[in-house]
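> Make a model of this:
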Amino acid sequence: MYSLLTTDKVIVKDENAHNLYNKRFYGNLTESGLELSYIEALFLLNKGKIEIYDSEENPVTREELTDIIRKQNDYPHYLVYKDLRIRGYIIRTGFKYGSDFRIYERGHSPGDGHSAALVKILSEVESIRVRDFSSYVRVTHGVRKQLLLAVVDSDYDITYYNVSWTRP
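Just a heads-up that it's a prediction; the model follows:
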């Protein structure tokens, strides 16, 4: 599917772009086409579902899009996104909950109900303040979701921690 690279997203211009949204819930449908984040676009590019071109109609390679994502320090986000998508989860942004992603269990979709979990991505060398961690847990519990911490190490391996709130 023909797609255009813009300064902050990729827009799928193909007439069948709605199938990517309606069947697997990629991106957001707008008047200009299906808008994908760079992370979603790289995943679909790697799967051979889309072709991406720049403003001068030159093809954008996997390596070029990966470099863009790395420069934005979003490569760990791509790795977690890819891993969860391969496991069959539907992934949407978790911005309004202060997380990186929200995920829907296999067989469920954004239109069917609420997401099952919020995902917060951390590096193994990154420190997190107790106040921030407590806030993530409190918000997640308040919206009746699970908190999944995805820790990405220096070898780009991912370890998931399911964090729950308990009353002492």
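
> Do you have the strands of this structure handy? List them.
2-5, 10-12, 28-30, 33-36, 51-53, 90-93, 101-104, 117-123, 146-152, 158-163 (DSSP state E).

> nearest to residue 77, of the ones you listed?
strand 117-123 (5.7 Å; CB to CB). C-beta coordinates here come from the backbone N, C-alpha and C atoms, glycine included.

> angle of the closest one against strand 158-163?
Counting by axes from the mean of the first three to the mean of the last three CA atoms, to 10 degrees, strand 117-123 lies at 130 degrees to strand 158-163.

> about what we covered before: among the strands of the chain, show me which one is buried the most.
strand 10-12 (a mean of 25; mean count of other CB atoms under 10 Å).

> what lines up beside that one in the sheet?
According to DSSP bridges, strand 10-12 has the following sheet partners: strand 2-5 (antiparallel), strand 33-36 (antiparallel).

> distance of the residue nearest to the spatial centre of the chain from residue 11?
Centroid-nearest residue in the chain: residue 81, 4.6 Å away (criterion: CA atoms, centre = their mean). Counting by CB to CB, to the nearest Å, the gap from residue 81 to residue 11 is 19 Å.

> what's the answer for residue 28, then?
10 Å.

> what do these two both touch?
Shared contacts of residue 28 and residue 11 (CB atoms under 8 Å, 6 or more residues apart in numbering): 34-35.

> okay, and the helix or strand of this structure with the least pLDDT?
Ranked by mean pLDDT, DSSP states H and E, the weakest helix or strand in the chain is helix 130-142, scoring a mean of 82.

> and that helix, how far out from the chain's middle?
On the basis of CA atoms, centre = their mean, to the nearest Å, helix 130-142 sits 21 Å off its chain's mean C-alpha point.

> hey, C-alpha coordinates of it in PDB?
The C-alpha trace of helix 130-142 is given here as PDB (Å, rounded to 0.1, in the frame of the first residue of the first chain):
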ATOM      1  CA  VAL A 130       9.300   6.000  43.700                       C
ATOM      2  CA  ARG A 131       6.800   8.800  43.400                       C
ATOM      3  CA  ASP A 132       6.500   8.200  39.600                       C
ATOM      4  CA  PHE A 133       6.200   4.500  40.000                       C
ATOM      5  CA  SER A 134       3.600   4.900  42.700                       C
ATOM      6  CA  SER A 135       1.700   7.200  40.300                       C
ATOM      7  CA  TYR A 136       1.800   4.600  37.500                       C
ATOM      8  CA  VAL A 137       0.400   1.900  39.800                       C
ATOM      9  CA  ARG A 138      -2.300   4.200  41.300                       C
ATOM     10  CA  VAL A 139      -3.500   5.400  37.900                       C
ATOM     11  CA  THR A 140      -3.600   1.900  36.500                       C
ATOM     12  CA  HIS A 141      -5.500   0.600  39.500                       C
ATOM     13  CA  GLY A 142      -7.900   3.600  39.300                       C
END
